[in-house]
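Student: got a predicted model here, sequence first, then my questions.
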Amino acid sequence: MPNDPFINMTPIYSKITGLGFYVPDNIVMNDDLKQYMDTSDSWIQDRTGIKQRRYFTFGKDTNASMGAAASRNALDRAGVAPANVDLIVYATITPDYYFPGSAFLMQRELGLEGIAVIDVRQQCSGFVYALSIADQFIKGGMYKTVLVVGSEIQSSLLNKSTEGRNVAVIFGDGAGAAVVQATTDPEHRILSTHLHADGRHAEDLMVKDPGSSRDGRWLTEATLAAGDYNVSMNGNAVFKHAVVRFMEVINEALDANGYTANDLDLLVPHQANIRISEYVRQQMNLPAEKVFNNIQKYGNTTAASIPIALTEAHEEGHIQPGNLICLAAFGSGFTWASALIRW
Ligand code: COA
């Protein structure tokens, strides 16, 4: 069958060719939060590992401008001109507008009018979902260069009073980006991605308002008075599910490729809470140097946390060509996801 197009076709894979991140200048230490709420540096560090986080500066930073700064950084390092980007996949739960999403605003800022953009929500798993979308579009042959972004401004969403302190101390602002490109090299590439969700737990970590399924308008005096525009979190339930799902989805990625935890060079988990990462590390018998954490500096930046951590890990030399790298996420939805990469 010499004319069969499926014979002798070289498989197309995807690989990350550039990484970048941007965090706002404004550093907020744990003690700085005491001006808003009854808390302490020791409570926050003991329970979460966080020492400081960044808050955006109004008038300077926007969700899309931070995504653009991270993207320029990633494109520079990949040696890719913005004009060569075919698709933007943009993960955020804190968009500049209710709609259209921040992908459109960042596309405009980068001068890429006309190319396709996809906004992804998926909360703390947003970046891994976005990376998987990029991987599928590239492997399917539709696009060659995809910009994958996670960007969040959480600080304007938080209830920074004592009432909201169990949530407010955890989150921070920032953005990270990866340039993902087509390759025929079977050795250095994204090996697989794994995505999951369980909507039975939707209300365990949520922002309820503004929502459409309301009696009357979606934003009213009554909605504002109810305060359901704040993040509400069942911290205990999140913690319990997170530790199980993190391990499951990491093992799923390893199993799918015939590896075990011993083969991993670096795990880059979503920076949810140092105690979650530490529990997973111990259960999986991984040495401390094989799990990257930077939650101490940035808090939990939701969809931005993995690309920020991956970029820092790479900058600090923890990722070398040939290394086996696992990205793993868990978050609201609930969602959980992983990506295994041979760098
Ligand atoms: N500062 C000081 N005290 C605080 C506080 C804060 N920021 N937040 C809560 N507290 C108090 C509570 O009021 C409570 O006081 P009480 O015993 O007098 O009632 C006490 O600390 C314990 O609160 P609790 O909510 O039971 O704490 P916890 O040990 O469960 O820790 C989390 C809370 C949020 C740190 C923990 O549940 C957690 O890490 N969950 C996972 C969250 C997560 O990772 N979310 C992101 C997922 S992507």
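Tutor: That came through fine. Residues are numbered from 1 along each chain as shown.
Student: where are the low-confidence patches of the chain?
Tutor: Low-confidence segments of the chain, defined by pLDDT under 70, are located at 1-8.
Student: helices of that one, residue ranges please.
Tutor: 41-48, 63-78, 102-109, 126-139, 165-168, 221-226, 235-256, 274-283, 295-298, 305-315 (DSSP state H).
Student: mean neighbour count added to these, as JSON lines?
Tutor: Every residue, glycine included, has its C-beta placed from N, CA and C. Converted to JSON lines, these look like this (neighbours: other C-beta atoms under 10 Å):
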{"stretch": "helix 41-48", "mean neighbour count": "15"}
{"stretch": "helix 63-78", "mean neighbour count": "24"}
{"stretch": "helix 102-109", "mean neighbour count": "22"}
{"stretch": "helix 126-139", "mean neighbour count": "26"}
{"stretch": "helix 165-168", "mean neighbour count": "19"}
{"stretch": "helix 221-226", "mean neighbour count": "12"}
{"stretch": "helix 235-256", "mean neighbour count": "18"}
{"stretch": "helix 274-283", "mean neighbour count": "17"}
{"stretch": "helix 295-298", "mean neighbour count": "21"}
{"stretch": "helix 305-315", "mean neighbour count": "24"}
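Student: those strands in the stretch 51-200 of the chain, which residues are they?
Tutor: Counting by DSSP state E, counting those that start in this stretch, the segments of the stretch 51-200 of the chain that form strands are 52-55, 87-91, 116-120, 145-152, 174-183, 189-197.
Student: quick one: the third one to strand 145-152, angle?
Tutor: Just to be clear, that refers to strand 116-120. Interaxial angle, strand 116-120 versus strand 145-152 (axes from the mean of the first three to the mean of the last three C-alpha atoms, to 10 degrees): 30 degrees.
Student: residues near residue 95, how many?
Tutor: Close neighbours of residue 95, defined as other C-beta atoms under 10 Å, add up to 22.
Student: what's near enough to touch the residue of the chain found nearest the ligand?
Tutor: Closest contact between the chain and the ligand, by C-beta to the nearest ligand atom, is at residue 235 (2.6 Å). Counting by C-beta atoms under 8 Å, 6 or more residues apart in numbering, residue 235 touches 166-167.
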